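1. give me a model of this one.
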Amino acid sequence: MTRSIRIVVSLALLSALTIGLASNAAAGGRKVLDSTLTGLPVGSMLLNGVTGGGVPWSIDQGRVQLFEDGRLHVDVEGLVVTASGINPVTTGGRAVVTCNNAPVAMTDVFPFSSPAGDSSFETTVTLPDQCLVPAVFFTNAAGRWFAVTGF
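-> Prediction:
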């Protein structure tokens, strides 16, 4: 009896693992980046070929997930100019993806959902066959960054 229960439990766990792997593959593959966002510490800072905004920015919370098929999820909360605590950007923001320390993709502009500097969007970008050291920058419409993945 005990042996039968172990076999049933083992088969159930194996089935669950197989279904989980299959759904991951069906959803476009593994995550290549799952990171928090950090604000721009110094105005006009150049990083991975992307120039920062003219003044320091801070962020309450931010999260980015990038998948190998190019799916990109970006959540930003409380992105503001550090000195004033205000987000003066009214046009919204976009994501710039870098691989191999160079920009490789840029999203459309997505609006801020509040004047407090909140934005959330899901989109798809085209990634190169090999994407080493991926990073995602949250930028203004002109491509100057305010927050970047990392800590």
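2. report the distance from stretch 137-146 to the chain centre.
-> 13 Å (Cα atoms, centre = their mean, to the nearest Å).
3. what about dumping the CA coordinates of it to PDB?
-> The C-alpha trace of stretch 137-146 is given here as PDB (Å, rounded to 0.1, in the frame of the first residue of the first chain):
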ATOM      1  CA  PHE A 137      16.300  51.600 -19.300                       C
ATOM      2  CA  PHE A 138      13.100  53.600 -18.600                       C
ATOM      3  CA  THR A 139      13.400  56.700 -20.700                       C
ATOM      4  CA  ASN A 140      11.500  59.700 -21.900                       C
ATOM      5  CA  ALA A 141      10.200  59.900 -25.500                       C
ATOM      6  CA  ALA A 142      13.600  61.100 -26.700                       C
ATOM      7  CA  GLY A 143      15.400  58.200 -25.200                       C
ATOM      8  CA  ARG A 144      17.100  59.900 -22.200                       C
ATOM      9  CA  TRP A 145      17.000  57.500 -19.200                       C
ATOM     10  CA  PHE A 146      15.500  58.100 -15.800                       C
END
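4. please, where are all the strands along this protein?
-> For the chain, the strands defined by DSSP state E cover 31-39, 46-47, 50-51, 57-58, 61-67, 71-77, 80-81, 94-99, 102-106, 119-124, 135-139, 145-149.
5. put together TSV for those strands, with mean pLDDT, distance to Phe112 and mean neighbour count on each row.
-> C-beta here means a position set from N, CA and C on the backbone, and glycine is covered the same way. Listed next are the strands of the chain as TSV, based on pLDDT from 0 to 100; distance: least, Cβ to Cβ, whole Å; neighbours: other Cβ atoms under 10 Å:
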stretch	mean pLDDT	distance to Phe112	mean neighbour count
strand 31-39	97	15	17
strand 46-47	98	23	12
strand 50-51	98	20	18
strand 57-58	98	13	21
strand 61-67	98	13	20
strand 71-77	98	8	20
strand 80-81	97	11	20
strand 94-99	98	11	23
strand 102-106	98	18	16
strand 119-124	97	5	16
strand 135-139	98	11	26
strand 145-149	98	11	26
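6. any chance of the ones you listed in a markdown table with distance to Asn87 as columns?
-> Below are the strands of the chain laid out as a markdown table (distance: least, Cβ to Cβ, whole Å):
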| stretch | distance to Asn87 |
| --- | --- |
| strand 31-39 | 12 |
| strand 46-47 | 21 |
| strand 50-51 | 19 |
| strand 57-58 | 9 |
| strand 61-67 | 13 |
| strand 71-77 | 10 |
| strand 80-81 | 5 |
| strand 94-99 | 15 |
| strand 102-106 | 20 |
| strand 119-124 | 10 |
| strand 135-139 | 12 |
| strand 145-149 | 9 |
